[in-house]
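Trainee: this one's sequence-less:
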């Protein structure tokens, strides 16, 4: 290899390492997967000590059921991974129809994590942000989206006994979620910023190009998946069924703890504190 060839080679290695570094920062806590990841070797996934949670796609709209869902959740649980199931939200069918689809696929006994609703708008400069034929820029359409999403969330909470977490990229958050679901835990997709300035963000999905052992195509070429990290001090217990608290409940608990602290008697009450002279 001549000097020009070596130079080209080292530039390529440098750019490749930069790309890998940008795609997958050092820390992550969990992943979400669907049939797009192909056949997953869950035994290998389990060997990644960083992974605390896995969300698996179950359903979409009123009829679609992920063809790999049953295998994925069975094999992931067999390895002892904490798993939850998500539904891809649509406006082309009612909340009840979508809930019935999800309920038939997602068994209570197989869930470690609270349910998740995936709300994603298709956005472009020309058309704006849409969900099916509903334009988020149209006030009536936006109100209809919020209403249907809340109906679905209520049905899930009633049946599974816990409030679902809502997945939302930034366009979905700004158009539908913000101001309407502030008392819900959020799983925010944001690949461009260094921080997420959303108080009820429990999980930050910061990359869609994560490389995790065990997720590869049949010819062993690497496949990517979404990777995410806990945010705003949240932990696994905050998304685990039976131990979760909503943002408002967490705030109330903090207030109760502060009010439960013993008060130091004032001098006028006839008792000195240990700090008084």
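Mentor: Nice, I can see it. The shown structure was predicted, so the numbers you read here are calculated from the model rather than taken from an experiment.
Trainee: what sits against residue 41?
Mentor: 213-216 (CB atoms under 8 Å, 6 or more residues apart in numbering). No exception for glycine: its C-beta is placed from N, CA and C like everyone else's.
Trainee: Phi and psi next, for it.
Mentor: For residue 41, the backbone dihedrals (degrees, to the nearest 10) come out as phi -90, psi 90.
Trainee: Could you check how far it is from residue 72?
Mentor: As judged by CB to CB, to the nearest Å, residue 41 and residue 72 stand 11 Å apart.
Trainee: Mutual contacts of those two, please.
Mentor: What both residue 41 and residue 72 touch, as defined by CB under 8 Å, 6+ apart, is an empty set.
Trainee: What ranges does this structure have for its strands?
Mentor: For the chain, the strands defined by DSSP state E cover 30-33, 53-60, 64-65, 83-88, 116-118, 122-124, 128-131, 134-135, 165-169, 186-189, 201-210, 225-230.
Trainee: Type out the ChimeraX command that picks the buried ones from the contacts of residue 41.
Mentor: Burial among the contacts of residue 41 is assessed by 16 or more other CB atoms under 10 Å; the matching ChimeraX selection reads:
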select :214,215,216
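Trainee: Okay, now the unreliable bits of the stretch 151-277 of the chain?
Mentor: Residues of the stretch 151-277 of the chain that meet the criterion pLDDT under 70 lie in 217-222, 244-277.
Trainee: what ranges do the helices span in the stretch 51-200 of the chain?
Mentor: 69-78, 95-105, 139-160, 170-172 (DSSP state H, counting those that start in this stretch).
Trainee: Mean neighbour count, those: which tops it?
Mentor: helix 170-172 (a mean of 21; mean count of other CB atoms under 10 Å).
Trainee: Now flag whichever of the contacts of residue 41 is closest to residue 90.
Mentor: Looking at the contacts of residue 41 and their distance to residue 90, the nearest is residue 215, at 26.4 Å (CB to CB).
Trainee: Isn't that closest one up against residue 36?
Mentor: No. Applying CB atoms under 8 Å, one finds residue 215 not in contact with residue 36, separated by 10.2 Å.
Trainee: and residue 183, which of the helices of the stretch 51-200 of the chain is closest to it?
Mentor: Nearest to residue 183 among the helices of the stretch 51-200 of the chain is helix 139-160 (10.6 Å), distances taken as CB to CB.
Trainee: List the contacts of that closest one.
Mentor: 87, 89, 91, 94-96, 98-99, 102-103, 108, 111, 114-115, 117, 119, 131, 134-136, 163-164, 166, 175-176, 180-181, 184, 241.
Trainee: change it to 6 Å
Mentor: 95, 98-99, 115, 134-136, 163-164, 176, 180 (CB atoms under 6 Å, 6 or more residues apart in numbering).
Trainee: can you redo those residues as TSV with distance to residue 125?
Mentor: Below are the contacts of helix 139-160 laid out as TSV (distance: CB to CB, whole Å):
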residue	distance to residue 125
95	31
98	30
99	34
115	34
134	18
135	14
136	14
163	35
164	32
176	19
180	25
